[in-house]
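>>> What follows is a predicted protein model with its sequence.
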Amino acid sequence: MNAGAPETVDPALATGPAHPAGLVLDPPLDLDTDDPEILDLIDRFAQGTRLAVAQARRARAELELTRPRARKYLRFIDSGSSVYRRELAKQFGMTQREFDGVLRRKAVVWKREWLPRKGYETWFEQVREELPNGRFVRVLKVTPEGVDGIMDLFDALGYVVVTEAA
């Protein structure tokens, strides 16, 4: 046998699990497998491994469920488009009035005028829109950065998205 080469053993004679390269993965020779503390340690390690595998499987399943929503959200964020507040309100299953009330109570926008408070200027943009009668009105729309911030804010407040944006 080669002095530097690892030992390979006939699988029928192996006492430990076989390594893909044909090596034997035996416990160290001085490991006392009759020692209750060692057996307890091995058992706890095995339980921890099973728990980690179960958690990883649940996380993967959850990721697969949220992947379409994340893609849609990223497409919107990357588009650079602003949205109406009522569209965001619909996602949380509320009216625009309820949605606006949350923004006012959390001091994101001023109570009387629809202007963003300091620190939230990038969350909104004011646009002029023409009504069917020819008049122009100011509309406060939510920017992609604002959508991200509002989603985080509402999530922290315990609100849940009930419908997806179109």
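Happy to help now that I have it.

>>> alpha carbons only for contacts and neighbour counts from here, please
Will do.

>>> sec struct for residue 127, please.
Look at residue 127: counting by DSSP: H, G, I helix; E, B strand; the rest coil, its state is strand.

>>> Distance of the nearest residue to residue 108 once chain neighbours are set aside relative to residue 149?
Closest residue in space to residue 108, ignoring its immediate chain neighbours: residue 117 at 5.5 Å, by C-alpha to C-alpha, 6 or more residues apart in numbering. Remark: distance between residue 117 and residue 149 (C-alpha to C-alpha, to the nearest Å) = 14 Å.

>>> I'd like the next helix or strand past the biggest helix by length in the chain.
For the chain, the longest helix by residue count, based on DSSP state H, is helix 36-79. The helix or strand immediately downstream of helix 36-79 is strand 83-84, counting by DSSP states H and E.

>>> so what does that following strand touch, helix or strand wise?
In terms of contacts (3 or more C-alpha pairs under 8 Å, 6 or more residues apart in numbering; DSSP states H and E), strand 83-84 is packed against strand 136-142.

>>> go with 10 Å
strand 124-130, strand 136-142, helix 144-156 (3 or more C-alpha pairs under 10 Å, 6 or more residues apart in numbering; DSSP states H and E).
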